[in-house]
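# this one's structure only:
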């Protein structure tokens, strides 16, 4: 859908997976950067695995293509972190890509309700994966993150995985594919699609412009 | 090699292929952007085909992955051109990726001699491919570009394809692989590698910094 006319309705959709290292950059900086321009972020956690499999890949391209992997971990990631003033990812995590379905489910539960803890939860899971190089999957890891934020871990984990919520992550990932998403992070402002952390600033600028000129959102 | 100590020796290596659409962006803007920071560009034309084949790809990823191709041609390319004030590439060229071995050979001949026409020749070939959507391969196309610049077309084409020069493009492409290049454009400042037009400004900034602090070139 194109961006709507009223300022309140212009949001920046941030599609990401906790396993994705370039999503780390965006998840850590997007809310602060968007807020500076008066833009609201809508978190859109999804799983990148099915997308990669649909491209015939069995893992991340940074694992499958040795030269690209070397570039990312030896050159690019640390430089990008420094450029954006983020905690520096100095090497490939011990497990990469690291599975994180339960934290995605909890993030999606929060995002669906526009819960104000969603962004901070996402940032903490990302730092745990890429900076602390620690497991993010399973109830213990997720409970630790939630508890560190003063949130009721068990009730949240249960609510995020029970009943109708069981299928939400699969639905969300199908929605990503339907919107033409082929990697993460990906941003949408109305129908305008932006792939990669390198396009985050452009996406925020368009979201800002759409608040004044709603037709711009269809560019 | 790390960047050298003297200001004169700090160059920004620009590895590119005329067939590559993101190389279009960099080739058109690099000399002006680098000159503003006092940085000299060294043109490094090479062929991306062998690189893609070594990754198991038969063509550009933008051809092989439909969703990624749609994104590039419907969203990203035009936006990037507008952002950088370049002639706008509004759609996928009629032939993509478009072969251009002879213009690569001529560009390499010029680059090897630091000929001052090299940059303008590269820009004209790129515009012909992506803006005018015209053939760039073969002596007629290349002669037309050279003649439009007031250069002696036939002698240059002959010199660029005769004798020892016959193997230069293959050597250059082997050198690209040896340096870990897996896509285009790619920039080097000493041993520091930058992949993609999105990293051009970072590469220029490092080249500039290396002129004052030569050790930075090894970051």
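Received the coordinates, thanks. This is a predicted model, so every value here is computed, not measured. Residues are numbered from 1 along each chain as shown, chains lettered A, B, ... in the order given.
# residue A:91 falls within a strand, correct?
No - applying DSSP: H, G, I helix; E, B strand; the rest coil, one finds residue A:91 to be coil, outside a strand.
# by mean pLDDT, flag the weakest helix or strand of chain A.
helix A:61-64 (a mean of 78; mean pLDDT, DSSP states H and E).
# what parts of chain A come near chain B?
Residues of chain A lying close to chain B by CB under 8 Å from any CB of the partner chain are A:55, A:65, A:67-68, A:70-71, A:75-76, A:79, A:83, A:180-183, A:192-196, A:198-199, A:202, A:219. Quick note: C-beta positions are derived from backbone N, CA and C, even for glycine.
# which of the residues you listed are buried?
The neighbour-count criterion (16 or more other CB atoms under 10 Å in any protein chain shown) marks A:65, A:67-68, A:70-71, A:75-76, A:79, A:180-183, A:192-196, A:198-199, A:202, A:219 among these as buried.
# mind listing which of those residues are in helices?
A:67, A:68, A:70, A:71, A:79, A:202 (DSSP state H).
# hmm, residue A:198 and residue A:186 touching each other?
No - counting by CB atoms under 8 Å, residue A:186 does not reach residue A:198; the two are 11.8 Å apart.
# residue A:174 - that's part of a helix, no?
Yes - looking at residue A:174 with three-state DSSP, it is inside a helix.
# now do the strands in chain A.
Here chain A has its strands, by DSSP state E, at A:11-16, A:40-45, A:186-189, A:192-195.
# deepest-packed of those strands, please.
Mean neighbours per residue, mean count of other CB atoms under 10 Å in any protein chain shown, is largest over the strands of chain A for strand A:186-189, with a mean of 26.
# for that strand, the distance to its chain's centre please.
Using CA atoms, centre = their mean, to the nearest Å, the mean C-alpha position of strand A:186-189 is found 11 Å from that of the whole chain.
# what helices or strands is that strand leaning on?
Packed against strand A:186-189 by the contact rule (3 or more CB pairs under 8 Å, 6 or more residues apart in numbering or on different chains; DSSP states H and E) you find strand A:11-16, strand A:192-195, helix A:200-212.
# what lines up beside the shortest one in the sheet?
Pairing partners of strand A:192-195, with direction, according to DSSP bridges: strand A:186-189 (antiparallel).
# could you dump the strands of chain A into CSV and include mean pLDDT?
Below are the strands of chain A laid out as CSV (pLDDT from 0 to 100):
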stretch, mean pLDDT
strand A:11-16, 97
strand A:40-45, 97
strand A:186-189, 97
strand A:192-195, 97
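# ok, which of those strands comes nearest residue A:32?
strand A:40-45 (9.9 Å; CB to CB).
# picking that back up, now do the least confident helix or strand of chain A: distance to the chain's middle.
19 Å.
# contacts for it next, please.
A:21, A:52, A:57, A:58, A:68, A:69, A:72, A:73, A:96, A:97 (CB atoms under 8 Å, 6 or more residues apart in numbering or on different chains).
# so what's the fifth one closest to, chain neighbours aside?
By that I understand residue A:68. residue B:182 (5.1 Å; CB to CB, 6 or more residues apart in numbering or on different chains).
# surely that neighbour touches residue A:72?
No - Residue B:182 is beyond contact range of residue A:72, at 10.6 Å (criterion: CB under 8 Å).
# wait, what's in contact with the nearest residue to residue A:168 once chain neighbours are set aside?
Among residues not flanking residue A:168 along the chain, residue A:108 sits closest, at 5.5 Å (CB to CB, 6+ apart). Neighbouring residues of residue A:108 by CB under 8 Å, 6+ apart: A:43, A:45, A:160, A:168, A:169, A:172.
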